[in-house]
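>>> following is a predicted model, sequence given first.
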Amino acid sequence: MSVKEIVVRNFKVDPSDIVFLKAVLESYEGMVVMRTLEVGKPVIELLIARDFADTVDAVLRDLQKQVAFEEVPRPEGAPSWP
């Protein structure tokens, strides 16, 4: 998969919700990979397959009924991908 096929989104979340979000989001095989950008910082990055961007957006809207998170700009100095 090339960089052009990836949509990158960043979210601030409560650290206690990271494992839950990762389990739910990555259970959709091949749609999204979630990673934390820095240990101890509550910002996650989603690497979303472009073909599934709308589906992931719908899943995120549904998850916000259970978990509080907000989209944020990519932090300065965050590790690059790929």
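Structure received.

>>> where does this protein have low pLDDT?
1-3, 81-82 (pLDDT under 70).

>>> partner residues bridging the residue nearest the centre of it?
Central residue of the chain (C-alpha atoms, centre = their mean): Leu46, 2.6 Å from the mean position. Counting by DSSP bridges, Leu46 forms beta bridges with Arg9, Met34.

>>> ok, now which ones touch it?
With contact taken as C-beta atoms under 8 Å, 6 or more residues apart in numbering, Leu46 is in contact with 7-11, 25, 32-34, 56. No exception for glycine: its C-beta is placed from N, CA and C like everyone else's.

>>> ok, now which ones touch Met34?
Contacts of Met34 (C-beta under 8 Å, 6+ apart): 21-22, 25-26, 44-47.

>>> is it possible to get TSV of the residues you listed that adds distance to Val72?
Compiled in TSV, the contacts of Met34 are given as follows (distance: C-beta to C-beta, whole Å):
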residue	distance to Val72
Leu21	14
Lys22	17
Leu25	17
Glu26	20
Ile44	10
Glu45	10
Leu46	12
Leu47	16
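
>>> filter those residues to the buried ones?
Among the contacts of Met34, those classed as buried by 16 or more other C-beta atoms under 10 Å are 21-22, 25, 44-47.

>>> which one of those residues is nearest to Leu63?
Taking C-beta to C-beta as the measure, Leu21 is the one of these closest to Leu63, at 6.9 Å.

>>> host element of the closest one?
helix 18-26 (DSSP states H and E).

>>> from memory Asn10 sits against Leu37, does it?
Yes - using C-beta atoms under 8 Å, Asn10 is in contact with Leu37, at 7.5 Å.

>>> what sits in contact with each of the two?
With C-beta under 8 Å, 6+ apart, Asn10 and Leu37 have common neighbours 43-45, 75, 78.
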